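Visitor: Fold the following, please.
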Amino acid sequence: MARMNPTAQALIISTVAGAAYFIVADKTVLATARDSFKIQL
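Guide: Here you go, the predicted model:
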């Protein structure tokens, strides 16, 4: 990574981690919703 101040680096890392967590959580929620919808049919 390019030389940056620690604050900018921490901000980028937390943003990437947050985005990854959100994507995983979103997929999990969608899969769960799909499964429960199938059960109801």
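Visitor: Can you show me the helices along this structure?
Guide: Listed in chain order, the helices of the chain (DSSP state H) span 6-40.
Visitor: From residue 33, how far out is the spatially most distant residue from the centre of the chain?
Guide: Distance from the C-alpha centroid of the chain peaks at residue 41, with 29.6 Å (CA atoms, centre = their mean). Per CB to CB, to the nearest Å, residue 41 is found 13 Å from residue 33. C-beta here means a position set from N, CA and C on the backbone, and glycine is covered the same way.
Visitor: where do the contact lists of those two overlap?
Guide: Shared contacts of residue 41 and residue 33, defined by CB atoms under 8 Å, 6 or more residues apart in numbering, are absent.
Visitor: which stretches of the chain have low pLDDT?
Guide: Scanning the chain with the threshold set as pLDDT under 70 gives 1-2.
Visitor: what about 80?
Guide: Applying pLDDT under 80 to the chain picks out residues 1-2, 4, 39-41.
Visitor: one step back: from residue 35, how far off is the residue farthest from the centre of the chain?
Guide: 11 Å.
Visitor: again with residue 12
Guide: 35 Å.
Visitor: now do residue 14
Guide: For residue 14 relative to residue 35 (CB to CB), the value is 31 Å.
Visitor: With residue 15 instead?
Guide: From residue 15 to residue 35 the distance is 31 Å (CB to CB).
Visitor: and what of residue 27?
Guide: Counting by CB to CB, the gap from residue 27 to residue 35 is 13 Å.
Visitor: can you check residue 10 too?
Guide: Counting by CB to CB, the gap from residue 10 to residue 35 is 37 Å.
Visitor: what about residue 26, how many residues close to it?
Guide: 10 (other CB atoms under 10 Å).
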